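K.L.:
dropping a prediction and its sequence here:
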Amino acid sequence: MIDTITKHEQIGEVWYKSSTKAKSINITVKPFTPVKVSIPQTISLVQAESTVEQNIDWIKREVAKMDQVEQEFTIFRPHFIYKFQDVIIDFRKADVSEITVIQETDNYLLVHSPRIAVFSETQQSHIIENIITPKMKEWCKHNVAKRAKELAKIHNITIPRVTIRKSKTRWGSLGKKNTLNLSLYTATLPSDLIDYVILHELAHTKYRDHSKLYWGYLKSLAPKFKEESDRLKKFRIGII
């Protein structure tokens, strides 16, 4: 039985795997996974590698297409670097049985993962809930909350408290007692859009609705709010 992953200099990782169902060599290119080559049990690895070389131009075109798809989403892989702001989370394959944080500083996480081709859905969830989300929340507490207090002071707006929440429906909201609530996913935004999210909510301390008076006040706080609002719509609230 063949089940091996090799590194090809032109197309990256290639996963050769024997298949009882395959009647001929079948090459599959999908996002977030190595190029997969399903091999009938009567065919050798050498023959499969030769078939890959014969189809290398097609495979390269398909890999390029998948790269474009991957840019639309974030899926964590056993060998992968995830970045937000000045924080780097570095996933590396190692001789471990489960995903383990090896090293942590304010701006860096080294994570060792088993030597597998792809993470399962359970492993993906673990990474998001137990590694990425806490790091984002920590970053927001030190940076976004601080920035909110700075902007409030600049514009003479009183807010009793800033909270960082795991909100996936809103970038921010204003509580009844003017508590400013911000989504931890603001960590994925450019700095000027973080400011816009904060100012959008601070403007609600004076006008709770979205009346003309509100928009006029917001413009005094954020002169480019229309442009920033349009840009913000292009960002997803979340990690993936």
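P.N.:
Thanks, I have the structure now.
K.L.:
please count neighbours and contacts with C-alpha atoms only from this point.
P.N.:
OK.
K.L.:
can you show me the helices along the protein?
P.N.:
45-54, 56-70, 121-127, 133-142, 144-154, 191-202, 212-221, 225-232 (DSSP state H).
K.L.:
for those helices, give me TSV that also has mean pLDDT.
P.N.:
Conversion of the helices of the chain to TSV gives the following (pLDDT from 0 to 100):
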stretch	mean pLDDT
helix 45-54	95
helix 56-70	86
helix 121-127	86
helix 133-142	95
helix 144-154	97
helix 191-202	97
helix 212-221	96
helix 225-232	94
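K.L.:
which of those sits most buried?
P.N.:
Ranked by mean neighbour count, the helices of the chain are led by helix 191-202 with a mean of 21 (mean count of other C-alpha atoms under 10 Å).
K.L.:
and it, what does it pack onto?
P.N.:
In terms of contacts (3 or more C-alpha pairs under 8 Å, 6 or more residues apart in numbering; DSSP states H and E), helix 191-202 is packed against helix 144-154, strand 172-174, strand 180-183, helix 212-221, helix 225-232.
K.L.:
could these go into CSV alongside distance to Gln124?
P.N.:
CSV is the format used below for the helices and strands packed on helix 191-202 (distance: least, C-alpha to C-alpha, whole Å):
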stretch, distance to Gln124
helix 144-154, 26
strand 172-174, 26
strand 180-183, 21
helix 212-221, 39
helix 225-232, 26
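K.L.:
so which of the ones you listed gets nearest Glu129?
P.N.:
When the helices and strands packed on helix 191-202 are compared by C-alpha to C-alpha, strand 180-183 sits nearest Glu129, at 14.8 Å.
K.L.:
for the closest one, packing partners?
P.N.:
Against strand 180-183 (3+ C-alpha pairs under 8 Å, 6+ apart) you get strand 162-165, strand 172-174, helix 191-202.
K.L.:
what is the distance between that strand and the centre of its chain?
P.N.:
In terms of C-alpha atoms, centre = their mean, to the nearest Å, the centre of strand 180-183 is set 20 Å apart from its chain centre.
K.L.:
quick one, phi psi at the residue lying farthest from the centre of the chain?
P.N.:
Distance to the chain centre peaks in the chain at Thr42, reaching 41.4 Å (criterion: C-alpha atoms, centre = their mean). Backbone dihedrals for Thr42, given as degrees, to the nearest 10, come out at phi -90, psi 0.
K.L.:
what does the model give it for pLDDT?
P.N.:
Listed pLDDT for Thr42 reads 92.
K.L.:
one step back: as a markdown table, the helices of the chain with distance to Phe80 would be great.
P.N.:
Listed next are the helices of the chain as a markdown table, based on distance: least, C-alpha to C-alpha, whole Å:
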| stretch | distance to Phe80 |
| --- | --- |
| helix 45-54 | 25 |
| helix 56-70 | 13 |
| helix 121-127 | 12 |
| helix 133-142 | 17 |
| helix 144-154 | 26 |
| helix 191-202 | 24 |
| helix 212-221 | 40 |
| helix 225-232 | 27 |
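K.L.:
about what we covered before: and of the helices and strands packed on helix 191-202, who's closest to Arg161?
P.N.:
Of all these, strand 180-183 comes closest under C-alpha to C-alpha, at 6.3 Å.
K.L.:
who does that closest one pair up with?
P.N.:
Paired neighbours of strand 180-183 in the sheet (DSSP bridges): strand 162-165 (parallel), strand 172-174 (antiparallel).
K.L.:
what's the average pLDDT for the longest one?
P.N.:
Read that as strand 162-165. What strand 162-165 shows for mean pLDDT is 95.
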